[in-house]
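Student: Provide a 3D model corresponding to the input given below.
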Amino acid sequence: MTTITIGIARREGTAGPIADAAATYTSDATGRTAAALVDGMGHADDIVRLAPMLAETAARVGAGRGALAGLLSAGLLLADPGHPDAVGVLAVTRADGSGAELVWAGDCRAYRWDGTELAQLTTDHNLAAYLSRAALAAGEVPVSALADSVGVTLGRATPATAPYVGVPAGGLLVLTTDGVHDQVPAERVEALVREHQGLDPQALADALVAAATADSGGYRDDATAVVLPLGLAHSAPALTPTMAMHLGRLATGASGLTPDVRARVHAAIEVAMHDGTEAGVCALVDILMAETARATGPGR
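Tutor: Here you go, the predicted structure:
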């Protein structure tokens, strides 16, 4: 199992006890690592106490059962009427090292640095973002006052409202609360990532949080950042028509076999689709077709 070094930094804002929380967890059973970031709404004692529990639940369930299961499980802790609510983002690496899966609810964000540019992977679930997207070319919409009007939260998230994004391997995954991305200009965020690439992820997390400055009224939100390296980029070739034909032939040949043999054939097909060269796929077809012939031969 590969150990991933993850950077986490938090800084309390000016409004009260910090209600941001982050947690990471690696499952021994699946070999997957999860990183959860939660931003509690408000600063009441209840949400300050719950936020770390939400992040821990999302990370532990996510590493074992997948990103969506982790996010929704955290939301169950907020299901009772009258409870405070929160927003969050959860990233879970794939066991084969081919990247990560990402889900979120609310306005926490995830960015991917590919070594050249920083791309935002998430969309904010608030009225400010909704109106800005709807305006399109009409111009910038002065809707910053609506940024706190969140449409999807952890407590209200469902499988239909929690978006899923597949993240390729390579580079860095950066998770932030709005205390970072709303109070640090986008170009400054990218400059910090560029400056710290290849260094300790903790140094980048610390730098992002330290860059958050107070607004004109002196207000500064809680700020938290998580930096998750995604390993080396995979350079597997695209699936060619010949490869697809051979894989289809293999799947058809296995259709009449025992469930155990079919499961092994389907697993081999999945590996070949993502990682195999055309020559490798052809060889795999020949080997597995011989195996299936033995499985169905005389005396079987």
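
Student: what sits against V209?
Tutor: With contact taken as Cβ atoms under 8 Å, 6 or more residues apart in numbering, V209 is in contact with A9, R10, R11, V180, A223, T224, A225. Where you see a C-beta, it was placed from the backbone N, CA and C, and this is true even at glycine.

Student: looking at it, the first one is touching A203, isn't it?
Tutor: No. At 9.4 Å, A9 and A203 do not qualify as touching, with contact defined as Cβ atoms under 8 Å.

Student: ok, those two, which is more surrounded?
Tutor: Remark: of A9 and A203, A9 carries more neighbours, 21 against 15, as counted by other Cβ atoms under 10 Å.

Student: and the next element down the chain from the helix or strand of the chain with the lowest mean pLDDT?
Tutor: Comparing every helix and strand of the chain by mean pLDDT, DSSP states H and E singles out helix 127-135 as the least confident one, with a mean of 56. Scanning the chain past helix 127-135 towards its C-terminal end, the next helix or strand to appear is strand 164-168 (assignment: DSSP states H and E).

Student: now stretch 37-47, how far from the chain's geometric center?
Tutor: Its chain's C-alpha centre lies 21 Å from the corresponding centre of stretch 37-47 when counted by Cα atoms, centre = their mean, to the nearest Å.

Student: in contact with the nearest residue to H181 once chain neighbours are set aside, which residues?
Tutor: Leaving aside its sequence neighbours, H181 sits nearest to R109 (Cβ to Cβ, 6 or more residues apart in numbering; 5.3 Å). Taking Cβ under 8 Å, 6+ apart as the criterion, R109 is in contact with V89, Q120, L121, T122, D124, L175, T176, D178, H181.

Student: let's have those in TSV, adding neighbour count.
Tutor: Compiled in TSV, the contacts of R109 are given as follows (neighbours: other Cβ atoms under 10 Å):
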residue	neighbour count
V89	29
Q120	15
L121	19
T122	20
D124	24
L175	29
T176	29
D178	24
H181	22
